[in-house]
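**Q** The sequence isn't on hand, but the structure is:
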């Protein structure tokens with residue numbers, strides 16, 4: 001399983017990558033949707049850690065594109081969006097888990113692993 005981290009904030013992306021690698025995950029980070037679409041080949045066994053507030057297209061738009069392409073990877077949403085827009089985006093894409101920034105990394109890990117077991 002690969003965890004694809006799609007996060008435009010370099011510091012957050014780096015912290016997530018290091019943290020998840022230390023937890024034993026194979027991590028493939030991307031800074032925007034375009035680079036992910038050009039360089040990733042996610043499978044149903046993979047997990048996509050998706051920032052909902054990407055600069056090129058929104059996380060909800062990227063999610064819709066992926067589903068249109070037949071990508072069935074599980075998605076965990078992360079975002080710094082305010083409560084209302086965050087909740088609307090989560091309702092739209094229905095991720096297996098969703099977390100607002102600033103991220104609590106142990107809680108994120110627990111949410112990911114619990115969701116992947118179901």
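**A** Here it is on my side, so go on. Predicted model, so just to flag it, every value in this text is computed and none were measured.
**Q** What segments of the chain are helices?
**A** Secondary structure of the chain by DSSP state H: the helices cover 10-22, 33-39, 59-68, 83-93, 105-117.
**Q** partner residues bridging the residue sitting nearest the centre point of the chain?
**A** What sits nearest the mean C-alpha location of the chain, by CA atoms, centre = their mean, is residue 49, with 1.7 Å. Counting by DSSP bridges, residue 49 is bridged to residue 5, residue 76.
**Q** Correct me if wrong: it contacts residue 5.
**A** Yes: with contact defined as CB atoms under 8 Å, residue 49 counts as touching residue 5 (4.7 Å). For glycine as for every other residue, the C-beta is placed from the backbone atoms N, C-alpha and C.
**Q** so what's in contact with the two at the same time?
**A** residue 16 (CB atoms under 8 Å, 6 or more residues apart in numbering).
**Q** got the contact list for the residue nearest to the centre of the chain?
**A** By CB under 8 Å, 6+ apart, the neighbours of residue 49 are 3-7, 16, 75-76, 78, 112.
**Q** try it again with 10 Å
**A** By CB atoms under 10 Å, 6 or more residues apart in numbering, residue 49 lies in contact with 3-7, 13, 16-17, 20, 25, 27, 29, 74-78, 95, 97, 99, 103, 108, 112.
**Q** can you tell me the average pLDDT over stretch 23-40?
**A** In this model, stretch 23-40 has a mean pLDDT of 97.
**Q** With stretch 61-74 instead?
**A** Mean predicted confidence for stretch 61-74 is 96.
**Q** Check which residues of that stretch are buried.
**A** Neighbour counts using 16 or more other CB atoms under 10 Å place 62-63, 66, 71, 73-74 of stretch 61-74 among the buried residues.
**Q** Can you lay out those residues as a markdown table showing distance to residue 91?
**A** Listed next are those as a markdown table, based on distance: CB to CB, whole Å:
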| residue | distance to residue 91 |
| --- | --- |
| 62 | 16 |
| 63 | 12 |
| 66 | 18 |
| 71 | 20 |
| 73 | 20 |
| 74 | 17 |
